[in-house]
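Trainee: Let's see this in three dimensions:
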Amino acid sequence: MLIRTEIPVDAAGIDRLLRRAFPGGAEADLVQQLREDGLLTLGVVATDDEGGVVGYVAFSPVDIQGEDRNWVALAPLAVDEPLRRQGLGEKLVYEGLDSLNEFGYAAVVVLGDPAYYGRFGFKPAAAHDLQCRWPDTEAAFQLFTLSDEALSDASGQVEFSPPFDRF
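Mentor: Here you go, the predicted model:
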């Protein structure tokens, strides 16, 4: 198993994984659109011994009240069914957070299960007066800071990239 930053040759394997993991194809379409629009900040893949994509996490830019504060959103995260509950998702998330930290990003937001993402240090964004546009998501909308200054004067609506408008 190899965990690394995605490269162009991974795109087809990422698409197949996302379509297996998320029936309906919305997440696969989202990643494809983010990539086409130049809005895929970082993608991390896990590949098997034959080079097939078996895990993936994407990060894309978000704004706070229309201001670019060097924050990103984590979405989607996928692991092939036979490999779930073995720590692969955790490795993908940590690899992404480490890379984003090295690149100087300030914070990461996620809309997901608080019990799962809380293990990585994500905290409720609402505690910092931050919210997203989707109704009834306060508990699921979470934040991970990568810099001490990330929350300085940060509050209000977190705006995801346009491809998320389909959700």
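Trainee: max-length helix in this structure?
Mentor: Using DSSP state H, we find that the single longest helix of the chain is helix 88-102.
Trainee: Can you name every helix or strand that the helix or strand following that one contacts?
Mentor: Towards the C-terminus, the helix or strand next in line after helix 88-102, according to DSSP states H and E, is strand 107-111. Applying 3 or more CB pairs under 8 Å, 6 or more residues apart in numbering; DSSP states H and E, one finds that strand 107-111 contacts strand 67-79, helix 88-102, strand 141-145. For glycine as for every other residue, the C-beta is placed from the backbone atoms N, C-alpha and C.
Trainee: Which stretches in this structure count as strands?
Mentor: Secondary structure of the chain (DSSP state E): strands at 2-5, 42-47, 53-64, 67-79, 107-111, 123-124, 130-131, 141-145, 156-160.
Trainee: Nearest to Ala12, out of those strands?
Mentor: Closest of the strands of the chain to Ala12 is strand 53-64, at 8.5 Å (criterion: CB to CB).
Trainee: picking that back up, check which residues of the longest helix of the chain are buried.
Mentor: For helix 88-102, a neighbour-count test (16 or more other CB atoms under 10 Å) marks 88-89, 91-93, 95-97, 99-100 as buried.
Trainee: low-scoring pLDDT stretches of this protein, where are they?
Mentor: Applying pLDDT under 70 to the chain picks out residues 167.
Trainee: center of it, which residue is that?
Mentor: Leu74 (1.5 Å; CA atoms, centre = their mean).
Trainee: Provide a list of residues in contact with that one.
Mentor: Contacts here follow CB atoms under 8 Å, 6 or more residues apart in numbering; on that basis Leu74 touches 57-59, 93, 96, 108-110, 112.
Trainee: Closest to His128 out of the residues you listed?
Mentor: Closest approach between the contacts of Leu74 and His128, by CB to CB: Val109, at 10.5 Å.
Trainee: and that closest one, what does it touch?
Mentor: Taking CB under 8 Å, 6+ apart as the definition of contact, the neighbours of Val109 are 62, 71-74, 125, 130, 132, 141-144, 158.
Trainee: do Pro124 as well
Mentor: Pro124 makes contacts with 114, 138-139, 141-143, as judged by CB under 8 Å, 6+ apart.
Trainee: hmm, try it at 6 Å
Mentor: The neighbourhood of Pro124, defined by CB atoms under 6 Å, 6 or more residues apart in numbering, consists of Gln142.
Trainee: gap between it and Arg69?
Mentor: In this structure, Pro124 and Arg69 are separated by 19 Å, where distance is defined by CB to CB, to the nearest Å.
Trainee: can you tell me how far the most far-flung residue of the chain relative to its centre sits from Ser152?
Mentor: Relative to the C-alpha centroid of the chain, counting by CA atoms, centre = their mean, Glu50 is the outermost residue, at 25.3 Å. Distance, Glu50 to Ser152, by CB to CB: 46 Å.
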